[in-house]
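Colleague: can you look at this prediction? I've put the sequence above it.
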Amino acid sequence: MKYLILLFTFFAASCSGPGSLPNYSVAPEFQLTERSGRSVTRQDLNGKVWIADFIFTHCSGICPAMSSNMERLQAMLPQEIRLVSFSVDPTNDTPAVLTEYAQRYHAHPERWLFLTGDPDAIQNLSVGGFKLALDPSSGTEAEPILHSSRFVLVDREGHIRGYYGTEDQDALNRLIADAKKLL
């Protein structure tokens, strides 16, 4: 019986067909503040394919490379796909700071959102919702905020469909192809 259950589980997981994307979980609900000062919720992204990342503006590590890759994605992907950068340092990353940061990367204000909000909400969003590492208890000059460097692909219904390394060009190419599949 155990083998029958395992076989059924495998069959059910693979029924979506060859080349289809996994369905990890549903992106969590949130209500945060965009760089423009307006409130943004997950419902505002319903019906849209979007790519998320977690960054902070004074990062001297991986964040500038992640944001540069997001800038490239903005240029390479169809206009319908949204980009969403969540700040893991909401204390310092105010809407004004995020606006200045977004300008450095030529972020289109309607296509690429920069969100900030309550530190606990961001922690829960990253760790509990997107299942990405975040240790905001660091955050000193000697020890920067530790956070995931992955991009997350979310479909039109809010389902997380993929995680992609930001330092691997093959992973970024897969992300581009997968995002286009979801359109």
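Modeller: Looks like it came in fine. Numbers count the residues shown, from 1 in each chain.
Colleague: can you give me the buried ones in the helix or strand harbouring Phe86?
Modeller: For Phe86, the enclosing helix or strand under DSSP states H and E is strand 82-87. The neighbour-count check on strand 82-87 (16 or more other CB atoms under 10 Å) flags Arg82, Leu83, Val84, Ser85, Phe86, Ser87 as buried. For glycine as for every other residue, the C-beta is placed from the backbone atoms N, C-alpha and C.
Colleague: for the chain, what are the low-confidence residue spans?
Modeller: 1-19, 137-143 (pLDDT under 70).
Colleague: any idea which residue is closest to the centre of it?
Modeller: With distances taken as CA atoms, centre = their mean, Ala52 lies nearest the centre of the chain, 1.5 Å away.
Colleague: need the three-state assignment for that one.
Modeller: For Ala52, the assignment made with DSSP: H, G, I helix; E, B strand; the rest coil gives strand.
Colleague: okay, now the nearest residue to Ala133 once chain neighbours are set aside: neighbour count?
Modeller: Counting by CB to CB, 6 or more residues apart in numbering, Ala133 lies nearest to Ser148, which is 4.8 Å off, once chain neighbours are set aside. Neighbourhood size, Ser148 [other CB atoms under 10 Å]: 20.
Colleague: how far away is Ser148 from Gln103?
Modeller: Ser148 sits at a distance of 25 Å from Gln103 (criterion: CB to CB, to the nearest Å).
Colleague: Arg111 too?
Modeller: Taking CB to CB, one finds Arg111 at 14 Å from Gln103.
Colleague: likewise Val154?
Modeller: Val154 is 25 Å from Gln103, by CB to CB.
Colleague: so between those two, which is more surrounded?
Modeller: Val154 (25 against 11).
Colleague: show me what contacts the more buried one?
Modeller: By CB atoms under 8 Å, 6 or more residues apart in numbering, the residues touching Val154 are Ala27, Leu45, Val49, Trp50, Ile51, Ala52, Ile160, Arg161.
Colleague: just the helices from the protein, written as ranges.
Modeller: Assigned by DSSP state H, the helices in the chain fall at 2-14, 63-76, 95-104, 119-123, 169-182.
Colleague: what angle sits between the second one and strand 82-87?
Modeller: If I follow you right, that is helix 63-76. For helix 63-76 against strand 82-87, the angle by axes from the mean of the first three to the mean of the last three CA atoms, to 10 degrees is 170 degrees.
Colleague: could you say what helices and strands helix 63-76 packs with?
Modeller: Applying 3 or more CB pairs under 8 Å, 6 or more residues apart in numbering; DSSP states H and E, one finds that helix 63-76 contacts strand 50-55, strand 82-87, strand 150-154, helix 169-182.
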